[in-house]
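Enquirer: I'd like to go over a predicted model; first the sequence, then the structure.
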Amino acid sequence: AQSVTQPDIHITVSEGASLELRCNYSYGATPYLFWYVQSPGQGLQLLLKYFSGDTLVQGIKGFEAEFKRSQSSFNLRKPSVHWSDAAEYFCAVGIQGAQKLVFGQGTRLTINP
Amino acid sequence: DVKVTQSSRYLVKRTGEKVFLECVQDMDHENMFWYRQDPGLGLRLIYFSYDVKMKEKGDIPEGYSVSREKKERFSLILESASTNQTSMYLCASSFGWTGHFGDGTRLSIL
């Protein structure tokens, strides 16, 4: 069955530090992969997506993610975080043919000043 | 700008009540979805719809039903609310894989 695992429930980083959020997936075919961000009290916003091609994907707000098939991973990175990046981040895999998403458990990011 | 609007941000209901959560999108999207969000569990799909009057069960449909009489509106119905349905409910619509989410309804069942 398709699944997504985000191993880190909560991460704290200092403002200006680099960030990496982990995501591992289980899916039989070539996956469609997504990262969403949820700011407090709001819905989810798409940061970036991977369908095929270049395995390093650029997104909005300075985020990028790298697809590694051998590790079944799609980790999200940012070189230098800002206080406004504090939010919850969700990784998801797209179920092809059904056009629906399976989400991970989410990682809550706290930024220290 | 695209918009998915959920009728209530906060809702408090009593056990056994029939509860309606409404979602409207203004993007003429074919696909609409209802998720519930619980801490440590992420988002779980309750129901989705590819077109008017069509519906498909998601991963956790028990205790819920849906209605899609018009393309822009997708309603989630709790037939007889129970305390374990206290949660955040998120509606989404999409064209292909480009999805847009509403701000959510935080539902409390007392």
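Expert: Nice, thanks for sending it over.
Enquirer: all strands in chain A, in order from the N-terminus.
Expert: With DSSP state E as the criterion, chain A has strands at A:3-5, A:10-14, A:19-21, A:24-26, A:32-38, A:44-50, A:56-58, A:64-68, A:73-78, A:87-95, A:100-103, A:107-112.
Enquirer: closest to residue B:18 out of those strands?
Expert: Proximity to residue B:18, assessed across those by C-beta to C-beta, is greatest for strand A:100-103 (26.4 Å). No exception for glycine: its C-beta is placed from N, CA and C like everyone else's.
Enquirer: average pLDDT across the closest one?
Expert: Across strand A:100-103, pLDDT averages out at 91.
Enquirer: how much space is there between the residue nearest to the spatial centre of chain B and chain A?
Expert: By C-alpha atoms, centre = their mean, the mean C-alpha position of chain B lies nearest to residue B:34, the distance being 3.2 Å. To chain A, residue B:34 is 11 Å away according to C-beta to the nearest C-beta, to the nearest Å.
Enquirer: Please name the bridge partners of that residue.
Expert: Applying DSSP bridges to residue B:34 gives these bridge partners: residue B:47, residue B:91.
Enquirer: residues touching it, list them.
Expert: Residues near residue B:34 by C-beta atoms under 8 Å, 6 or more residues apart in numbering or on different chains: B:21, B:23, B:45-48, B:58, B:64, B:66, B:74, B:76, B:89-91.
Enquirer: one more time with 10 Å, if that's ok
Expert: Contacts for residue B:34 (C-beta atoms under 10 Å, 6 or more residues apart in numbering or on different chains) come out as B:21, B:23, B:45-49, B:55, B:58, B:61, B:64, B:66, B:74-77, B:89-92.
Enquirer: Please see if the lowest-mean-pLDDT helix or strand in chain A touches chain B.
Expert: Sorting the helices and strands of chain A by mean pLDDT, DSSP states H and E puts strand A:100-103 at the bottom, at a mean of 91. Yes. Counting by C-beta under 10 Å from any C-beta of the partner chain, contacts between strand A:100-103 and chain B involve A:100-103.
Enquirer: now, which of these sits nearest chain B?
Expert: residue A:103 (4.2 Å; C-beta to the nearest C-beta).
Enquirer: For the closest one, which residues are in contact?
Expert: A:3-4, A:6, A:34, A:36, A:44, A:90-93, B:35, B:37, B:41-45.
Enquirer: The nearest residue to residue A:68 once chain neighbours are set aside - how many residues pack around it?
Expert: Closest residue to residue A:68 apart from its sequence neighbours, by C-beta to C-beta, 6 or more residues apart in numbering or on different chains: residue A:55 at 7.0 Å. Using other C-beta atoms under 10 Å in any protein chain shown, residue A:55 is surrounded by 12 other residues.
Enquirer: Please apply the same query to residue A:10.
Expert: Quick note: residue A:10 (other C-beta under 10 Å) scores 10 neighbours.
Enquirer: wait, what's in contact with it?
Expert: A:88, A:106-110.
Enquirer: any idea of the pLDDT on the residue positioned nearest the centre of chain A?
Expert: In chain A, the centroid-proximal residue (C-alpha atoms, centre = their mean) is residue A:35; its distance is 3.6 Å. For residue A:35, the pLDDT comes out at 97.
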